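Engineer: Show me the folded form of this:
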Amino acid sequence: MADPLTLSPAAAQRVALIAEKQAKPAILRLSVEGGGCSGFQYKFALADDADADDSVSERDGVRLVVDPVSHDLVAGAVVDYVESLGGAAFRVENPMAAAGCGCGSSFGI
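Structural biologist: Numbers count the residues shown, from 1 in each chain. Below is the predicted model of the structure:
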């Protein structure tokens, strides 16, 4: 699939840690939903497996899975894990986003 998504080393490490604590597979599902302050928002969850039509990328044994509709909105993005004074969170560096907001979890195209 063109413009694959990438999981940063920090994000892969964090997903592996969370999955181990929850005794789940190290699979992070990224989806895009309508809403948020800029029109769309990112949603992250651990997944039990990838669906047949998901796009899948892998780093250090951790898989990132995205459904086809969401993939069109995040093609070429990098999923990172960032720790700062404001807290720690997964962050999507999305080349498709034309607008964003201060919370970093929503975007517009």
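
Engineer: I'd guess His71 is in a helix, am I close?
Structural biologist: Yes - counting by DSSP: H, G, I helix; E, B strand; the rest coil, His71 is found in a helix.

Engineer: Counting neighbours, what do you get for it?
Structural biologist: Residues near His71, counting by other Cβ atoms under 10 Å, number 23. For glycine as for every other residue, the C-beta is placed from the backbone atoms N, C-alpha and C.

Engineer: Now do the same for it: its pLDDT.
Structural biologist: Note for His71: predicted pLDDT of 93.

Engineer: What of Gly39?
Structural biologist: Confidence at Gly39, expressed as pLDDT, is 78.

Engineer: That one and Val82: what is the separation?
Structural biologist: 22 Å (Cβ to Cβ, to the nearest Å).

Engineer: what do you get for Thr6?
Structural biologist: The gap separating Thr6 from Val82 is 15 Å, by Cβ to Cβ.

Engineer: Check the residue lying closest to Val69 once chain neighbours are set aside and give its pLDDT.
Structural biologist: The shortest distance from Val69 to any non-neighbouring residue, by Cβ to Cβ, 6 or more residues apart in numbering, is to Val32 (7.5 Å). Looking at Val32, its pLDDT stands at 91.

Engineer: This completes my enquiry, with thanks.
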